[in-house]
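A.B. asks: need a structure here:
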Amino acid sequence: MAAVPESHTGWTFITSHARVLAAIADNPNIRIREIAAHCRLTERAVARIISDLKQDGYLSHTREGRTNTYRIDPDKVLRHPAEAGLPVAALLSLLVQDESERTGKPANPDRHLVHTDVIC
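C.D. replies: A predicted model of the protein is given here:
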């Protein structure tokens, strides 16, 4: 079992919901345990965030065996009134690009094929 990540005090610029969504955008088949380690959250917190995102239509998933494949609705607009009309795809393009530059790892080249599917 993975250790609980160290706690963080103070505020941050990016919410946990945005971090989880960016991790999924980078790898649509990522496991909750991997998201938790990447985002420095507990698995329980990640599961709760995924539930929030699914409930509000930002995220859906299909299950094949033990693997979930997530789909993000790129046209869904951000929730805060200050970002009215801004699609989630705009936020993700910044976060996923930043992650690849920060870690030196190329972003998943196939991520656009999966996470940009529009939920009907």
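A.B. asks: CA atoms for contacts and neighbours, from now on please.
C.D. replies: Will do.
A.B. asks: Could you find the residue nearest the spatial middle of the chain?
C.D. replies: Leu21 (1.4 Å; CA atoms, centre = their mean).
A.B. asks: Look up how far Arg48 lies from it.
C.D. replies: 12 Å (CA to CA, to the nearest Å).
A.B. asks: Please enumerate the strands of this protein.
C.D. replies: Remark: strands assigned in the chain by DSSP state E are 59-64, 67-72.
A.B. asks: Would you point to the one among these that's packed deepest?
C.D. replies: strand 67-72 (a mean of 20; mean count of other CA atoms under 10 Å).
A.B. asks: Which parts of the chain are helices?
C.D. replies: Assigned by DSSP state H, the chain shows helices spanning 16-26, 32-39, 43-55, 88-103, 111-115.
A.B. asks: and Pro74, which of those is closest to it?
C.D. replies: Nearest to Pro74, of all the helices of the chain, is helix 88-103, at 4.6 Å by CA to CA.
A.B. asks: can you pull the contacts of Leu78?
C.D. replies: 84-88 (CA atoms under 8 Å, 6 or more residues apart in numbering).
A.B. asks: Looking at these, which is nearest Leu41?
C.D. replies: Once CA to CA is applied, the member of the contacts of Leu78 that ends up nearest Leu41 is Val88, at 21.5 Å.
A.B. asks: Without its sequence neighbours, what residue ends up closest to Leu92?
C.D. replies: Ala22 (5.9 Å; CA to CA, 6 or more residues apart in numbering).
A.B. asks: Retrieve the pLDDT associated with that neighbour.
C.D. replies: pLDDT recorded at Ala22 is 95.
A.B. asks: how close does it sit to Gly65?
C.D. replies: For Ala22 relative to Gly65 (CA to CA), the value is 24 Å.
A.B. asks: what does Val20 give?
C.D. replies: 22 Å.
A.B. asks: Can you get me a residue count around the spatially closest residue to Thr67 that is not a sequence neighbour?
C.D. replies: Of all residues not flanking Thr67 in the chain, Asn29 sits nearest, at 6.8 Å (CA to CA, 6+ apart). Asn29 is flanked by 19 other residues according to other CA atoms under 10 Å.
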